[in-house]
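1. attaching a predicted model along with its sequence, questions to come.
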Amino acid sequence: MILNKTFSTINLDKIAVYLSVFCAVQCLLLPLSALLLPTLSVVPLADEWFHSLLLFFVIPTSVFAMALGCKKHKSYNIIFYGIFGLSILIISAIWGHDLFGESGEIVSTLVGTSILSYGHIQNQKLCKLCCH
């Protein structure tokens with residue numbers, strides 16, 4: 001039972017990291033590809049709703065992974081990385097373009113993704129240590 005919980009927590013952390021990295025790659029490559037291949041600007045990945053769609057998956061996955069991990073390893077300071085990273089991602093997705101401009105939105109998204117990913121990686125490490 002404990003091994004199963006550890007496995008699912010680690011998998012949720014991995015999924016959350018992959019989603020965050022996908023968001024970061026999309027943010028970095030889309031403007032570049034839109035310059036090189038203008039037809040990509042009409043692809044739905046370029047729309048603002050795509051960031052919201054990613055957040056729709058990132059938020060619950062991150063919250064569940066962090067909560068399960070913290071419950072297991074009792075190191076609750078990891079949650080601050082999750083809250084801080086998710087807050088930056090949410091602000092970037094909703095108001096990033098208006099507040100920071102296009103380049104600033106990309107930078108803030110990358111910062112939020114990095115912080116959130118770091119938190120998930122630390123959560124994975126603590127879950128593995130706790131299990132052994």
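-> Yep, that arrived.
2. find the centremost residue of the chain, please.
-> Nearest to the geometric centre of the chain sits S20, at 3.2 Å (C-alpha atoms, centre = their mean).
3. what score does it have for pLDDT?
-> The model reports S20 with a pLDDT of 77.
4. list the contacts for it?
-> 58, 85, 89, 113, 116-117, 120 (C-beta atoms under 8 Å, 6 or more residues apart in numbering). For the C-beta atoms, the positions are set from N, CA and C on the backbone; glycine is no exception.
5. among those, which ones are in helices?
-> Assigned to helices by DSSP state H, the following of the contacts of S20 qualify: 58, 85, 89, 113, 116-117, 120.
6. neighbour-wise, which of the residues you listed leads?
-> Counting neighbours by other C-beta atoms under 10 Å, H120 comes out on top of those with 29 neighbours.
7. do I have it right that it meets V63?
-> No. Between H120 and V63 there is no contact under C-beta atoms under 8 Å: 11.4 Å.
8. mutual contacts of the two, please.
-> Here H120 and V63 have G82 as joint contacts, going by C-beta under 8 Å, 6+ apart.
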